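Enquirer: Turn this into a model:
(one chain, ligands or ions: 1)
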Amino acid sequence: MRKAWLWASAAVAAALSISTAAQEETGLRSTSAAIGATALSAPSSSLLCDAFDGPDGPVDGAVWDVTSGEWRKVSGRAYTASPVFRANTRRTEFRDVDVSFDLTHHGLTSGSGENWHGIHMFLRRYSEYTTYYVSIARRDGKAMIKKKVQGGPSPSNGGTYYDLASAPSPVRIGQRHRITGRAKNNADGSVTVSLFVDGSLVVEAVDRGTGGAPLTGAGGTGVRGDFAGFSVDDLNVTSADASGGPAAPAPGAPGTGAPIPAAGAVTEAKAPQRFLSPALADGINDAARFGTDAEDVTVFDASGRQVFHAAGGGAGVVWDCRDSSGRLVDSGVYIAKIRKKDSSVVAQSFAVVK
Ligand SMILES: [Ca+2]
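Expert: Presented below is the predicted three-dimensional model:
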């Protein structure tokens, strides 16, 4: 019962607060505008659609094969903050398609790491060794199109990555963007792979056989994250037979993310933080700081297990992401039940990433 209450009452903010440090490190602020606007075409036929609605919990295992990490539906969006996240569609018949989804990048979950850490998409994924690979937002601020081919001169997990094209990524941390990846065969046997953000073409590559034959056959698609916290909604795979840009996104979906919230007033019971990165210990989002209006705070993990409880005593409760034994909690979604001075109870959710 307690678990049911928690998930039913947890009003999960769509826009988590932003790690300024992570944003600066990624350089995403300084990225330039998209390289070209593209006319929007009429919606194509939908081949696969996941709105991630329904009860909170794991994403639909009949649709998704999550081979690494965790992907959870919370209030109708799919969240992950797993350091190594891989989710592939079980269906693999996608050839000339647009793969579109609503993306909010909540920030990188590690203060240091490789340039390629970030959020990516698979297109025409034949296997973990052979796929087109579209980097949507990387630590170094780039969007990139790559191809992974089995074997090759410098194999990584059984395949070699070849860079096909790159450009600055327009994806901003804390804002919602409509992402579309496209793979399309050409009459001459080459394959064009494109990335659109909010309806504009960002980067495109024509594969004429880099590292091996173009991947002209049908494959799966998927989403990948490396040390990134992000959420996804309204994923659609549509036929890319129609020429032109991706189908117009739903009104209000792209680029309409709420502005970065200001720090909450110190009396506000809820903490201004939503996204906690305690392992970094850099003073930014290391702890949830509840205001003095919070009489006491109890924090539960996603399974309903209590991990923390404290009374404010007029000074405000601080949860430093540690459980009662002092151990940093695992990465995941946590719910705080906050009893206010007027005895009313409010819930607040947090994504903890280490
Ligand atoms: Ca949804």
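Enquirer: residues near the residue in the chain that the ion sits nearest to, how many?
Expert: Closest residue of the chain to the ion, Cβ to the ion: G76 (3.5 Å). All C-beta atoms are positioned from the backbone trio N, CA, C, and that covers glycine. Residues near G76, counting by other Cβ atoms under 10 Å, number 15.
Enquirer: for A183, what are its contacts?
Expert: By Cβ atoms under 8 Å, 6 or more residues apart in numbering, A183 lies in contact with F94, R95, D96, V97, L123, R124, Y132, V191, T192, V193, L215, A240.
Enquirer: beta partners for it?
Expert: Beta bridges link A183 to V97, V193, judged by DSSP bridges.
Enquirer: and the gap between it and L328?
Expert: From A183 over to L328 the distance is 41 Å, taken as Cβ to Cβ, to the nearest Å.
Enquirer: where does the residue of the chain closest to the ion land on pLDDT?
Expert: We have a pLDDT of 88 for G76.
Enquirer: go on, S19?
Expert: Per-residue pLDDT puts S19 at 34.
Enquirer: Likewise for A302?
Expert: Reading off the confidence values, A302 has pLDDT 77.
Enquirer: so how many other residues sit close to it?
Expert: 20.
Enquirer: Please identify which helix or strand holds the residue nearest to it when sequence neighbours are not counted.
Expert: Leaving aside its chain neighbours, A302 sits nearest to V333 (5.0 Å; criterion: Cβ to Cβ, 6 or more residues apart in numbering). Remark: V333 resides in strand 332-340, with elements defined by DSSP states H and E.
Enquirer: Extract the CA atoms of the helix or strand following that strand and return them as PDB.
Expert: With elements assigned by DSSP H and E, the helix or strand that comes after strand 332-340 is strand 345-352. Output of strand 345-352 as PDB, limited to C-alpha atoms (Å, rounded to 0.1, in the frame of the first residue of the first chain):
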ATOM      1  CA  VAL A 345       2.000  16.200   3.300                       C
ATOM      2  CA  VAL A 346       3.600  16.700  -0.100                       C
ATOM      3  CA  ALA A 347       5.700  14.400  -2.200                       C
ATOM      4  CA  GLN A 348       8.800  15.200  -4.200                       C
ATOM      5  CA  SER A 349      10.900  13.000  -6.500                       C
ATOM      6  CA  PHE A 350      14.600  13.000  -7.100                       C
ATOM      7  CA  ALA A 351      16.900  11.400  -9.600                       C
ATOM      8  CA  VAL A 352      20.100  10.400  -7.900                       C
END
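Enquirer: How about residues contacting strand 345-352?
Expert: For strand 345-352, contacts defined as Cβ under 8 Å, 6+ apart pick out 6, 9-13, 16, 74, 79, 81, 106, 229, 269-271, 273-278, 288, 299, 321, 329-340.
Enquirer: So among those, which ones count as buried?
Expert: 6, 10, 12, 16, 74, 79, 81, 106, 229, 269-271, 273-278, 288, 299, 321, 329, 331-340 (16 or more other Cβ atoms under 10 Å).
Enquirer: can you narrow the residues you listed to ones near the ion?
Expert: Of the residues in the buried ones among the contacts of strand 345-352, proximity to the ion by Cβ under 5 Å from the ion holds for none.
Enquirer: so how far is stretch 76-85 from its chain's centroid?
Expert: Relative to its parent chain, stretch 76-85 has a centroid offset of 6 Å by Cα atoms, centre = their mean, to the nearest Å.
Enquirer: Using the three-state scheme, assign A279.
Expert: helix (DSSP: H, G, I helix; E, B strand; the rest coil).
Enquirer: Tell me which residues touch the closest residue to it other than its chain neighbours, please.
Expert: Excluding its sequence neighbours, the residue lying closest to A279 (Cβ to Cβ, 6+ apart) is K354, at 3.9 Å. Applying Cβ under 8 Å, 6+ apart, we find K354 in contact with P83, T109, S277, P278, A279, L328, D330, S331.
Enquirer: Turn these into a markdown table, columns for pLDDT.
Expert: Listed next are the contacts of K354 as a markdown table, based on pLDDT from 0 to 100:
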| residue | pLDDT |
| --- | --- |
| P83 | 91 |
| T109 | 82 |
| S277 | 83 |
| P278 | 82 |
| A279 | 76 |
| L328 | 87 |
| D330 | 89 |
| S331 | 86 |
